[in-house]
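Student: need a structure here:
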Amino acid sequence: MLKLIRSRIFRPMVGLGLLLTAVPVQALPECEAPAGLEAKDQIHYCMIHTFRTACLARKGYDMAKENWTVMQTDYEACTIDGCDQLFEQTGALSEALFLKACNMVQFDRNL
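Tutor: Okay, the predicted model is just below:
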């Protein structure tokens, strides 16, 4: 009898607990690499995009909205951080990718 009561109570409690602890998942904005990049650079561009999106989320921007906007300084800072992270992980950054994704005036100030 005790086993029957436990299973009748325990299973719904576990299910309710899982529902209450579930966290909403938001999808990353779609990565659209600019034209003129080689396949490897397109992959690296999307890595920078992922790093930038995570950085903006840490700064408190809600990108789940349809027409989200960010301050240009935050966007550029997160892009630079993304370029730095890509360079740290891969050890290389092609000139074409640098010119398309990372070439900002502030980038020179951080050196």
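
Student: any low-confidence regions in the protein?
Tutor: Applying pLDDT under 70 to the chain flags the ranges 1-29, 104-111.

Student: quick one: the strands in it?
Tutor: Assigned strands in the chain: none (criterion: DSSP state E).

Student: pretty sure Phe87 is in contact with Leu97, am I right?
Tutor: No - assessed by CB atoms under 8 Å, Phe87 is found out of contact with Leu97, at 10.1 Å. In this view, the C-beta of every residue, glycine as well, is placed from N, C-alpha and C.

Student: neighbour count: these two, which is higher?
Tutor: Leu97 (24 against 15; other CB atoms under 10 Å).

Student: isn't the more buried one up against Tyr45?
Tutor: Yes - here Leu97 reaches Tyr45: they are 6.2 Å apart, a contact under CB under 8 Å.

Student: joint contacts of those two?
Tutor: Each of Leu37 lies in contact with both Leu97 and Tyr45 under the rule CB atoms under 8 Å, 6 or more residues apart in numbering.

Student: export stretch 57-77 to PDB, keeping only CA atoms.
Tutor: The C-alpha coordinates for stretch 57-77 follow below in PDB (Å, rounded to 0.1, in the frame of the first residue of the first chain):
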ATOM      1  CA  ALA A  57      22.700  39.000 -23.400                       C
ATOM      2  CA  ARG A  58      25.100  39.400 -20.500                       C
ATOM      3  CA  LYS A  59      24.700  43.200 -20.800                       C
ATOM      4  CA  GLY A  60      21.000  42.700 -20.300                       C
ATOM      5  CA  TYR A  61      19.600  43.100 -23.900                       C
ATOM      6  CA  ASP A  62      16.500  41.000 -24.700                       C
ATOM      7  CA  MET A  63      17.000  39.700 -28.200                       C
ATOM      8  CA  ALA A  64      13.900  37.500 -28.000                       C
ATOM      9  CA  LYS A  65      11.900  40.500 -29.200                       C
ATOM     10  CA  GLU A  66      11.400  40.900 -32.900                       C
ATOM     11  CA  ASN A  67      12.800  44.400 -33.400                       C
ATOM     12  CA  TRP A  68      15.500  44.500 -30.700                       C
ATOM     13  CA  THR A  69      17.900  47.400 -30.600                       C
ATOM     14  CA  VAL A  70      21.200  47.900 -28.800                       C
ATOM     15  CA  MET A  71      23.500  50.800 -28.200                       C
ATOM     16  CA  GLN A  72      26.200  51.000 -30.900                       C
ATOM     17  CA  THR A  73      29.000  51.200 -28.300                       C
ATOM     18  CA  ASP A  74      27.800  48.000 -26.700                       C
ATOM     19  CA  TYR A  75      27.400  46.300 -30.100                       C
ATOM     20  CA  GLU A  76      30.900  47.300 -31.100                       C
ATOM     21  CA  ALA A  77      32.500  46.300 -27.800                       C
END
